[in-house]
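[1] Next one to model:
(2 chains, ligands or ions: 2)
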Amino acid sequence: MQGSLASRFEEASTDSYTTFGLVSKWKQETKGKAVGYFPVYFPEELADSMGILPVSLQGASGGVSLDMATAHTQSFVCSISRSVFQMALQGNLEVFDGLIFSNICDVARNLSGITKRNMAKYVDYIHFPVNNSSSHAAAYLRDEYLRIGEGLANVAGTRLDAEKLRASISLHNEKRRLLRRLAALRRERPEIIPYAEWYSVIRASAVMPASEYASALASYLDEASARTSKSMDKIRVAVIGNFCEQIPVMLMKVIEDAGCYVVNDEALIGNRWLQDVRTEGDDPVLSLAEAYIGNREPLTVRFHPEVDKQEHIEAFVKSLRADGVIFCTPKFCEPALYDYMIYKAPLEKRKTPYLHLEYEESSSSFEHVRTMAETFAESILFD
Amino acid sequence: MPQPAAKLTFKDLDRAKYMQGGMIKEYFDSLTNSRANGTKVAYAFVMANPIELLKSFDFLPLYPEITSLNISYRGGAPPLITLAEEAGYSTDACGYVKMGVAATMPGASTTIGNVPGPDLLLLSYSGCQIYIHWWEQFHYQAGVPIVLLDIPYVRDFEGRVPRHDIRYVTGQLEEVIARLEKASGKRFDENRLKETVRLSAEAWDLWRQCLEMGKLRPTPFDAYFESIYYMAPITFARGSQKCVDFYRFLLEELKSRAEHGVGPTAEERYRLVFEGVPNYPFFKKFWGLFAQHNARSVASTYPKVAGLVDTGAFRLNPDKPLESLAEYMIHAYCNWNMPLRTNLIEKYVRDYKADAVILHSIKSCRSFSMGEGDMREYLAVEKGIPTLLVESDHVDPRYYSEAQMKNRVDAFFETLDLRMGAK
Ligand code: SF4
Ligand code: SF4
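    Numbers count the residues shown, from 1 in each chain, chains lettered A, B, ... in the order given. Ligands and ions are numbered 1, 2, ... in the order given. So this is what the prediction gives:
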């Protein structure tokens, strides 16, 4: 990666764990506000259109101790919920004017409440519909977005404006398109984008303002596409399960070093999951809601009655030309653990090799993983 | 001269529990015989299920939470949990899910007999996200259709429910009626629904009166441990005359207990508020840890999972069956956000004049337990209410250490004694 681009992504990525210095700087420069949101998906356009910087809180990955948080939560919960809560308790999130959660799981749901009780600021919670085939779902989500919009408007001291929202939707459509192009490039030519680099580029999307990020990403894509690294004799694997708590980059490096190209994973999936939102029509809030309701791409934390996850995984593995699947599930993350059961059945039927690994965002010892990943890669290579 | 009324003992006034046991047995028999009778079985959840609708279409509801807890109560959890874990379910997954899935696996046998698989999966998504993942397991394993009711979480910290939530739930109920018509091959009969809702409303009201008997000093019943028996009919038999009769009988029995000065312990030394799902494999032992100190629960949250009837948050109305069902489904206990749940516990302490709070946190249920540490902080540190937080599991005996639990509970009562100056 070109020096200056690399350092911009790297700086933003590093800042998005515990420090959020770029957020403070942005607020000072623009006199704007900032909200932090807990994964997985948040309609950033709503905030952005009101001059609020939306920042995705992806956990501290070992950057803070979890002692205070654990006393308030429960011992048997994932690490991202605890590290975000620890940061809320000890002041790392002071820069944010509000925090937003949503119904991805029971942990995140209860986290919204205990965060509210411990923080004197705007805390809200979006109930995204799961009955996405109901004829009432889009209208419901539109009203829910309007409710959230009101909360954000109070934070910003402004009002939700249709024109500004449309402009922000266009910008975010562009950002998502670029992110999907990046995912496609890695899928096609994994040898030119090592995981650590991919991660720093996408992690930067958690914290950089959308317009700045989109133009940096466009330049990065030009630069990366022109690379000429040669493909090596490695197996192609899809990593599934890291849609919320972040996998330690070192763990992915261990998988790569064991002889795998990671052609797909779910890190920061919420930032590219939505397809294009319509910008025509006179109700952009409804368009934003419809894009959510209509999206058929499975997401573990969102149920859609018309999506067949088992059909999807078969087609997906085929489209990726993946030789195998590695399920990486965060410790204590029940949604990931149940989807693992759903996804593994058709893989077994089709004799697609898979491996299941568990991680915590702060894990730092990977010897066990190394052995498992090497055995997995070898068994496929020499099959 | 009229004879003075004979003094009745606790045993004489503990008949409702057995009546409830009979109802459960009858219910389980109907489940066992459902296949032979050609009755369609609809799986449903305890929280927020519109049983009234299912009944209107002659579906027999089966609650895997209830079957799992009963199997577990009778010591049958370990083989089912092992079966599920061997299939790939994690040790960290909810025990109910593992037991529910394993109970219908080929070769499974349970301590309550044969558990029929589902013909339909009614997914009332309220209070627990795992509900979705659980039904998906059945859906993908056996191709059973899911009929979904998405119930928005009560996310406002003051407890306000936006109008769009009610519209959304009511709208879905109308859609569900059409799906149930198709699945059952029966036409929807609104009058039948209204009658079922009327009977439900009557039972809810009697149950509320029973629960409020805990305000008496001494309380004539244990509002946690005994309520766990008493809450069963409101869950599975709601909408029937039998259910109404049960709660009428219970209310009379509790009044008689109060009159005769009897209760579940020799005396009432401590008044407790309980939060959390009980520990079913060791239910009686766990109860004994408190009963031996003559502690009685005066109020608790768990029996409200099926509906927060004592808060006035909902009232079923036969004239507005769908809208009132929507309100009922929204106000399931775990569908309330944590500050609301915590405030409710604090209110119970005040209204029921309790001495302490016991939080029983269970390992494999994040819906209940995530954030119970924060509840303790609030109640104990900010409000100065003696609060004990203990951890085990609702079904998995591997997470219960009897000696450790006993030590914690005994030590708590010792300090409570000091605090109450009762020594
Ligand atoms: S990692 Fe899993 S359990 Fe934890 S907050 Fe995310 S989705 Fe919920
Ligand atoms: S997670 Fe908790 S509320 Fe949900 S099914 Fe399991 S025990 Fe019940």
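[2] Which positions in the stretch 101-250 of chain A make contact with chain B?
    For the stretch 101-250 of chain A, the residues in contact with chain B (Cβ under 8 Å from any Cβ of the partner chain) are A:103-107, A:109-114, A:116-118, A:123-125, A:127, A:129-131, A:134-137, A:139-140, A:143-144, A:147. Just so you know, the C-beta spots here come from the backbone N, C-alpha and C atoms, and that holds for glycine as well.
[3] Assumed A:Ile100 was part of a helix.
    No. Using DSSP: H, G, I helix; E, B strand; the rest coil, the secondary structure at A:Ile100 is strand, not a helix.
[4] Who are the contact partners of the residue nearest to it when sequence neighbours are not counted?
    Excluding the flanking residues, the one nearest A:Ile100 by Cβ to Cβ, 6 or more residues apart in numbering or on different chains is A:Tyr37, at 4.4 Å. By Cβ atoms under 8 Å, 6 or more residues apart in numbering or on different chains, the contact set of A:Tyr37 is A:Pro54, A:Val55, A:Ser56, A:Leu57, A:Leu99, A:Ile100, A:Phe101, A:Ser102.
[5] Just flag the most distant two among those residues.
    A:Val55 and A:Ser102 (14.9 Å; Cβ to Cβ).
[6] Quick one: neighbours of the closest residue to ligand 1 within the stretch 201-350 of chain B, just the number.
    Residue nearest to ligand 1 within the stretch 201-350 of chain B (Cβ to the nearest ligand atom): B:Met338, separated by 14.8 Å. Number of residues near B:Met338 (other Cβ atoms under 10 Å in any protein chain shown) recorded here: 24.
[7] likewise B:Lys186?
    13.
[8] State the helix or strand in which it lies.
    Assessed by DSSP states H and E, B:Lys186 sits outside every helix and strand.
[9] for it, what are its contacts?
    B:Phe57, B:Asp58.
[10] Is any residue of stretch B:73-93 near chain A?
    Yes. Residues of stretch B:73-93 contacting chain A under Cβ under 8 Å from any Cβ: B:Ala87, B:Gly88, B:Tyr89, B:Ser90, B:Asp92, B:Ala93.
[11] nope, stretch B:294-312 is what I meant
    No. Contact of stretch B:294-312 with chain A (Cβ under 8 Å from any Cβ) is absent, the minimum separation being 13.7 Å.
[12] Return the set of buried residues in that stretch.
    Buried residues in stretch B:294-312, defined by neighbour count with 16 or more other Cβ atoms under 10 Å in any protein chain shown: B:294-311.
[13] Excluding chain neighbours, what is closest to A:Arg180?
    Nearest one to A:Arg180, counting by Cβ to Cβ, 6+ apart, is A:Arg272 at 5.4 Å.
[14] brain fart, B:Ala84
    B:Lys98 (3.6 Å).
[15] what's in contact with the host helix or strand of A:Ile80?
    Using DSSP H and E, A:Ile80 sits in helix A:79-90. With contact meaning Cβ under 8 Å, 6+ apart, helix A:79-90 is reached by A:18, A:38-39, A:57-61, A:63-70, A:72-73, A:93, A:99, A:107-108, A:111, A:114-115, A:118-119, A:244-246, A:330-331, A:360-362, B:370.
[16] go again using 6 Å as the cut-off
    A:57, A:59-60, A:64, A:66, A:68-70, A:73, A:93, A:107, A:111, A:115, A:119, A:245, A:360-362 (Cβ atoms under 6 Å, 6 or more residues apart in numbering or on different chains).
[17] how about it: buried residues?
    Applying 16+ other Cβ under 10 Å to helix A:79-90 flags A:Ser79, A:Ile80, A:Ser81, A:Arg82, A:Ser83, A:Val84, A:Phe85, A:Gln86, A:Met87, A:Ala88, A:Leu89 as buried.
[18] Lovely, talk soon.
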